[in-house]
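J.: A structural model of the following input is requested.
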Amino acid sequence: MLMVGMIQLLSSFAIRTNDPAKEVAGMLCRDIDAFSFYIRDSLQPAIRSGSEEDLRHSFLTARKYYKRIEWAAEYFAYASARFINGAPKAEAELPGYMILNPTGLQVMEEHIFPAFDSSSRNLLLGQTDIILDKLTVFKSYFSGIPIAGWQILDAAKLEVFRIETLGITGYDNPLSRNSMEECATALQALRDALAPYSTAGNASLQQLNRSSAFLLANRDFDQFDRALFIRHYANPLTTAIEQLRRQLDFQGYRYNRLLRQDVFTLFDQDAFNADAYSPFLNQEHKAAKAALGEALFTETAFSGNRSISCASCHHPQTAFAENLAKHPDVNGTGLIDRNVPSLLNAALQPQQFYDQRAETLEEQINDVVHNPKEMGGQIHTALQAINGSGKYEQLFAAAFPGKAQPDSLAVTEALAAYVRSLVRMNSRFDDYMAGDDTALTDEEVKGFNLFMGKAACGTCHYMPLFSGVLPPKFITQDAEILGVPEKQGTKNIDYDRGVFKTLLGYNYFDSSRLSAFDHAFKTVTVRNMTKTAPYMHNGVFATLEEVMDFYNEGGGVGNGFLVHNQSLSEKKLQLNAEEIRQVIAFMHALDSR
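T.: Model (predicted):
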């Protein structure tokens, strides 16, 4: 604590320059040096000493050193930052065809809490060496590459979003659960970074101090009022930072991000860009393309026997899903492989299908049409019937003016445009977070606090999308191994191997390295779940109560199933019946209007 306080004091007395961005870069370099010194002088000796008390204290302090630089590390050097504080599970990098093993502070935590595993001493020391190496990368970056003022404010706002979506949930410290103190440390670092840019009348520094003080005064993880913090501290803080950016007239580079750069809060209307994952830079005639796609959505010519359309499985009254475990296949001889997912907000995820095999909605549509079980059709064959019908001639002309003849690309683009029009972030929860005190009941607010805290739902279903798309950058999407049973009443996990099969299909990966993805499935959104029963990729659970009981017991392992690689914690959540009811009540508040 003393050393962290000293570094903060030194940062606050840094030499002022005529270039605020250089001043902030210098502060970052000093914080990086302090973190490196602490690892060498305190954390590594504590690991060698074998004293569990000293090691825990040193580890928790080291985490706070990282929180001092997190806002910049995650923004400017994301690829290196995940080696310091990334999720403690393997990641598949498809563009580079690499499997990245987990490293960093979260990996270390698993060997220190709840009890120190002395046999892991060399592993812990190895992890600190990796962290020191990445800190060298950070130091080189911030001492050699100019950063701009608009980037500092952009990164600061994203850090507050990171705190409210991940930090206060225990996402990166699920065992030590020192979340509130770490979040306060991160906000104190933002205060120092924004100080050179503060203007008269802007409330950002005041809001930073208020937010940090609230976190430090309410450190109990299970009792922390997350709803109150987000509404009365985080939302005003991000609003003040955005107002400061506009006062300073910082324009900067416009990124194609899912979360729009100029939002005040996560709950602004149209905060999310439904076209962020579109492969088309030209977004002309969007409304006309969506109108054409809506008409094609009910077209049966896409199926091999002209018996079904997209609308046969995706019903508006069930959030564009359906209430079957699995839909009959196109020939009526069996079932399709997986449960039909909702299309509402499907545009807000970087991969499609439970096994994440499609990168775009266009790929997904093409896959479904040609899948022998699902539609068993051919788009180019369907076009012959479509062009001859005359039903879509005017719609095609409006959507693709100047195009002589509709083709397969136009069909998939139009259908995808329609799905992108199905973004619905307008639940009662959204109204409440935007300031409507009457939008949620007390039971639903309690359910939200449980969801984001004790129940640990929010560590996989990230607010505000409540899916596995990781905030605040929203460029990666989690898949988890839950140990879902094949059917109710058995202890056999489902035969479907999920993401494992997708990765195996690339033929670049050694199958022996893919065990971390065996039976993994995309973390789907909790929004509109009350309309989309049954649940899981195989539809094994008929009710939300069954889903909650499964998680409450610790997933497959906690329920006594043989799961060798479960990524979900097998620790029981200890939720009582009333708490489960409250979480489910909150899920009802996520239904779109």
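
J.: domain ranges for this protein, per the record?
T.: 1-147, 150-253, 286-420, 428-588 (automatic domain parsing).

J.: make JSON lines out of the ones you listed and add distance to residue 279.
T.: Yep, even glycine has a C-beta here, placed from its N, CA and C like the rest. Output for the domains of the chain, formatted as JSON lines (distance: least, C-beta to C-beta, whole Å):
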{"stretch": "domain 1-147", "distance to residue 279": "15"}
{"stretch": "domain 150-253", "distance to residue 279": "21"}
{"stretch": "domain 286-420", "distance to residue 279": "5"}
{"stretch": "domain 428-588", "distance to residue 279": "15"}
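
J.: for residue 323, see how far away the closest residue in space to residue 542 that isn't next to it in sequence is.
T.: Spatially, and ignoring its direct neighbours in sequence, residue 542 is nearest to residue 534 (5.0 Å; C-beta to C-beta, 6 or more residues apart in numbering). Computed as C-beta to C-beta, to the nearest Å, the residue 534 to residue 323 distance reads 7 Å.

J.: ok, residue 511 next?
T.: For residue 511, the distance to residue 323 - C-beta to C-beta - is 36 Å.

J.: so which of those two has more stuff around it?
T.: Between residue 511 and residue 323, counted using other C-beta atoms under 10 Å, residue 323 has the larger neighbour count: 14 against 10.

J.: residues in contact with the more buried one?
T.: The contact partners of residue 323, by C-beta atoms under 8 Å, 6 or more residues apart in numbering, come to 532-534.

J.: helix or strand with the lowest mean pLDDT in this protein?
T.: In the chain, no helix or strand scores lower on mean pLDDT, DSSP states H and E than helix 2-12, which sits at a mean of 48.

J.: export the helix or strand following it as CSV, just CAs?
T.: Following helix 2-12 in sequence order, the next helix or strand is helix 20-38 (DSSP states H and E). Extracted C-alpha coordinates of helix 20-38, given in CSV (Å, rounded to 0.1, in the frame of the first residue of the first chain):
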residue,chain,number,x,y,z
PRO,A,20,-0.2,17.1,-21.8
ALA,A,21,0.0,13.9,-23.8
LYS,A,22,3.8,13.7,-23.2
GLU,A,23,3.1,14.3,-19.5
VAL,A,24,0.7,11.4,-19.4
ALA,A,25,3.1,9.1,-21.3
GLY,A,26,5.8,10.0,-18.7
MET,A,27,3.4,9.1,-15.9
LEU,A,28,2.7,5.8,-17.6
CYS,A,29,6.4,5.0,-17.9
ARG,A,30,6.9,5.7,-14.2
ASP,A,31,4.0,3.5,-13.3
ILE,A,32,5.4,0.7,-15.5
ASP,A,33,8.8,1.0,-13.8
ALA,A,34,7.1,0.9,-10.4
PHE,A,35,5.2,-2.2,-11.4
SER,A,36,8.4,-3.9,-12.7
PHE,A,37,10.4,-2.9,-9.5
TYR,A,38,7.6,-4.3,-7.3
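
J.: now the element after helix 20-38, going C-ward?
T.: Per DSSP H and E, the first helix or strand lying C-terminal to helix 20-38 is helix 44-49.

J.: the host helix or strand of residue 236: how far from the chain's middle?
T.: Using DSSP H and E, the element containing residue 236 is helix 235-248. Chain-centre distance of helix 235-248: 24 Å, with C-alpha atoms, centre = their mean, to the nearest Å.

J.: that helix - what's its average pLDDT?
T.: Mean per-residue pLDDT for helix 235-248: 96.

J.: export stretch 323-331 as PDB, just CAs?
T.: What follows is stretch 323-331, C-alpha atoms only, in PDB (Å, rounded to 0.1, in the frame of the first residue of the first chain):
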ATOM      1  CA  ASN A 323     -39.800 -23.200 -28.600                       C
ATOM      2  CA  LEU A 324     -38.500 -26.500 -29.700                       C
ATOM      3  CA  ALA A 325     -35.300 -28.300 -28.500                       C
ATOM      4  CA  LYS A 326     -34.400 -28.900 -32.100                       C
ATOM      5  CA  HIS A 327     -36.300 -28.200 -35.300                       C
ATOM      6  CA  PRO A 328     -37.200 -31.100 -37.700                       C
ATOM      7  CA  ASP A 329     -34.800 -31.300 -40.600                       C
ATOM      8  CA  VAL A 330     -35.900 -30.200 -44.000                       C
ATOM      9  CA  ASN A 331     -36.700 -33.700 -45.100                       C
END
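
J.: among the domains of the chain, which is nearest residue 266?
T.: domain 428-588 (4.9 Å; C-beta to C-beta).

J.: end to end, how far does that closest one reach?
T.: Taking C-alpha to C-alpha, to the nearest Å, domain 428-588 runs 9 Å from one end to the other.

J.: do the same with stretch 388-408
T.: End-to-end for stretch 388-408, by C-alpha to C-alpha: 15 Å.
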